[in-house]
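Student: Generate a structure from the sequence data that follows.
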Amino acid sequence: MLEYRLFRSVNNLTNFQISQTVSHPGSLAVDTNQILPGNLYAYTLCAVDTAGNQSPNSDTVSVGLPEINWTLSGISSGETTSLPLNSFLYDPDNNVNQLQLVISNAINLTYTIVDGNLHITPDPLNFIGEAHMDLTVSDPAGFWDQETGITLSVIQKSPVGITDLNIGIPTEFELSQNYPNPFNPVTHVRFGLPKTSRVKIELYNLLGQKVDTILENFLNSGYYVVDYDASSLPSGIYLYRLEGDGFSEIKRMILLK
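Tutor: Residues are numbered from 1 along each chain as shown. You can find the predicted model right below:
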């Protein structure tokens, strides 16, 4: 005997490539080559003698690593947000109900895991601001993944007067001209979000002073229209600004009474 050759395949059981060799009579190999959560790693082994003769490959063994894919960045104050575990947990060779999820360092939120769902509630219930937590998931074999420093923006629930147009998803942030314009006293502001974002639309006078907040909320990607009633404001020219996930744009509206 000369050596053993270890072959590895990632996310399939056919495309094996040589991973490493172990000199006989060694019996240990450690794979540290780009081991990533969510992948399935399969291995097979053959033996080689000093003449270069290679044995048939051994049976295949495989192991999958659990993965956390957390995308939620905001929840609403005053209510519980529920997420199916399979919307952010994945393991190639285990069902989600075989995984163990541990939540730690929770700040300004409480949580429960019931019937395959994670329920998150602001703490206190009317809290508005930033909440934090860490997630760790492990499988029955002890493999694990972790995501720390998760921040959730806790904001007021969508106000009455905002409409999801359900006409698709834009490729970039958009802010349209309000309509009608000039208006008295109600106008409509349309905007588009290419991804789930925390959105703020604020109203300013020509001196740059903020006079009102038209909208501040966490919204999914899509097109929206928000109705704004300016009954409490005097006639004049105003500027409204949309901010979301690093995007900012300003347009002008005219109130005539």
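
Student: Show me which strand runs longest in this protein.
Tutor: strand 144-155 (DSSP state E).

Student: Pull up the pairing partners for the following helix or strand past that strand, direction included.
Tutor: Where DSSP states H and E defines the elements, the next helix or strand beyond strand 144-155 is strand 162-164. Here strand 162-164 is paired, per DSSP bridges, with strand 222-229 (antiparallel).

Student: For Ser197, see how far away Phe127 is.
Tutor: 20 Å (CB to CB, to the nearest Å). From N, CA and C alone the C-beta is placed, and that goes for glycine too.

Student: re earlier: pLDDT on the longest strand of the chain, on average?
Tutor: Strand 144-155 comes out with an average pLDDT of 92.

Student: Look at Phe127 and Ser197 and report which has more neighbours.
Tutor: Ser197 (21 against 15; other CB atoms under 10 Å).

Student: Could you name the helices and strands sitting against the longest strand of the chain?
Tutor: When contacts are defined as 3 or more CB pairs under 8 Å, 6 or more residues apart in numbering; DSSP states H and E, strand 144-155 packs onto strand 67-68, strand 74-76, strand 129-138, strand 210-219.

Student: Starting from it, tell me which strands it pairs with and how they run.
Tutor: Strand 144-155 has these strand partners (DSSP bridges): strand 74-76 (parallel), strand 129-138 (antiparallel).

Student: highest average neighbour count across these?
Tutor: strand 74-76 (a mean of 19; mean count of other CB atoms under 10 Å).

Student: Mind jotting down where the strands sit in the stretch 51-200 of the chain?
Tutor: With DSSP state E, counting those that start in this stretch as the criterion, the stretch 51-200 of the chain has strands at 61-64, 67-68, 74-76, 81-84, 89-90, 100-107, 109-114, 117-122, 129-138, 144-155, 162-164, 174-175, 186-193, 197-204.

Student: can you put those strands in JSON lines and add distance to Tyr41?
Tutor: Below are the strands of the stretch 51-200 of the chain laid out as JSON lines (distance: least, CB to CB, whole Å):
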{"stretch": "strand 61-64", "distance to Tyr41": "6"}
{"stretch": "strand 67-68", "distance to Tyr41": "13"}
{"stretch": "strand 74-76", "distance to Tyr41": "35"}
{"stretch": "strand 81-84", "distance to Tyr41": "26"}
{"stretch": "strand 89-90", "distance to Tyr41": "15"}
{"stretch": "strand 100-107", "distance to Tyr41": "21"}
{"stretch": "strand 109-114", "distance to Tyr41": "28"}
{"stretch": "strand 117-122", "distance to Tyr41": "28"}
{"stretch": "strand 129-138", "distance to Tyr41": "17"}
{"stretch": "strand 144-155", "distance to Tyr41": "14"}
{"stretch": "strand 162-164", "distance to Tyr41": "42"}
{"stretch": "strand 174-175", "distance to Tyr41": "43"}
{"stretch": "strand 186-193", "distance to Tyr41": "38"}
{"stretch": "strand 197-204", "distance to Tyr41": "36"}
